[in-house]
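>>> I'll drop the sequence and a predicted model, then ask my questions.
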Amino acid sequence: MNVEDMNEGTSEFERHVRELLNDSVEHMPAAARSRLTQARYAALAARPFWQRSLVRHWAPAGAASMRL
Amino acid sequence: MQAFATLPSQTADLLPLGKARLRDTTQDGARALETFLAGVERKGFRIAQIALRHEADALDAVQDAMMQLAHRYAARPPQEWKPLFYRILENRIRDMQRRRIVRQRVMAWIPWQGEDDEGGDALEQAPDNAPQPAVQVESDEMMRALEQALSQLPGRQRQAFLLRNFEGLDVQETALAMKCSQGSVKTHYFRALQALRAKLGDFRP
């Protein structure tokens, strides 16, 4: 069996491994889930100001009008 | 002349609409990023946990990866986010592994290292002795064996295997995430699969 053969289809072994890993994600402890949610909100808040505001959309128009 | 006279009122009608549309676009971007992060955070956490074998470190790695993605790459097209996120996450994992090795070396030189400091927070590392159903115990044992086998793989093989098999990235996305060629991804995956089969044998959930 070579690399190409192994990458062609998914074997039973690979499916079993995936099922087990997916199962562990579904049964993740509530504390870890909660911490991940907090981390997600912190990440969203960490976006630069220009991405969070309308400045991003108005700046090119402002620059164009300045050039005129 | 008549047409010019109506212009200000038309502009006045258009402006609020335009503003609302722009606000929607910004909110759509935030919503898209939030949906993306919510979709990858758990698998990202498991990947980090398997590599680092430490829950708190894994949570820190995922949080750092999410922060970096939101801070630096949120303006990139959403289809690029997944490979970018996993590339950042793997870099954080490697940083933490390196730092851990350095800390272990330093600690080995310190003669007065007390027992209190060993292993970090005792509460966090205390075993969970809650009784579990037999099926759950069996599944947990398999999971432990799988985690151990995965964590013993070389980093690139583990990464290729988890991104392809667990996260479901295709070869091209995996190559982007790993910053290597598609051929290398296939080779790493093939070797990881061979090693896992050899370690786990007839492995059935």
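Sure thing, it's come through. What you are looking at is a predicted structure, and each value in this text was computed from that prediction instead of being measured. Residues are numbered from 1 along each chain as shown, chains lettered A, B, ... in the order given.

>>> low pLDDT regions in the chain?
As the question left the chain open, I've gone with chain A. A:1-9, A:49-68 (pLDDT under 70).

>>> You answered for a different chain; I wanted chain B.
Using pLDDT under 70, chain B drops low at B:1-26, B:111-138, B:202-205.

>>> at 80 instead, please
Within chain B, the segments meeting pLDDT under 80 span B:1-29, B:109-139, B:202-205.

>>> what are the ranges of the strands in it?
Using DSSP state E, no strands are found in chain B.

>>> residue closest to the middle of it?
B:G44 (2.6 Å; CA atoms, centre = their mean).

>>> Now do the contacts for it.
By CB atoms under 8 Å, 6 or more residues apart in numbering or on different chains, the contact list for B:G44 reads B:62, B:65, B:85-86, B:89. Placement of C-beta: from N, CA and C, glycine included.

>>> now B:S181
Per CB under 8 Å, 6+ apart, neighbours of B:S181: B:A175.

>>> thinking again about what came up before, could you save the contacts of B:G44 as JSON lines and add columns showing distance to A:L44 and neighbour count?
Shown next, in JSON lines, are the contacts of B:G44 (distance: CB to CB, whole Å; neighbours: other CB atoms under 10 Å in any protein chain shown):
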{"residue": "B:V62", "distance to A:L44": "14", "neighbour count": "32"}
{"residue": "B:A65", "distance to A:L44": "14", "neighbour count": "28"}
{"residue": "B:F85", "distance to A:L44": "14", "neighbour count": "24"}
{"residue": "B:Y86", "distance to A:L44": "19", "neighbour count": "26"}
{"residue": "B:L89", "distance to A:L44": "17", "neighbour count": "26"}
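
>>> These also near chain A: which ones?
Applying CB under 8 Å from any CB of the partner chain to the contacts of B:G44, one finds that B:V62 fall near chain A.

>>> okay, now the nearest residue in space to B:L59 that is not next to it in sequence: neighbour count?
Spatial nearest neighbour of B:L59, excluding adjacent residues (CB to CB, 6 or more residues apart in numbering or on different chains): A:R35 at 5.3 Å. Burial of A:R35 is recorded as 19 neighbouring residues (other CB atoms under 10 Å in any protein chain shown).

>>> what residues does the helix or strand hosting A:R35 touch?
Assigned by DSSP states H and E, A:R35 belongs to helix A:30-45. Residues from elsewhere that reach helix A:30-45, judged by CB under 8 Å, 6+ apart: B:30, B:33-34, B:37-38, B:41-42, B:45, B:55, B:59, B:62-63, B:66-67, B:69-71.

>>> and if we set it to 7 Å?
B:30, B:33-34, B:37-38, B:41-42, B:45, B:55, B:59, B:62-63, B:66-67, B:70 (CB atoms under 7 Å, 6 or more residues apart in numbering or on different chains).

>>> Over to stretch B:48-59?
So stretch B:48-59 is contacted by A:32, A:35, B:45, B:61-62, B:89, B:93, B:96-97, B:124, B:147, B:150-151, B:158 (CB under 7 Å, 6+ apart).

>>> Let me know whether B:E90 touches B:Q159 as I believe.
Yes - counting by CB atoms under 7 Å, B:Q159 is a contact partner of B:E90 at 5.7 Å.
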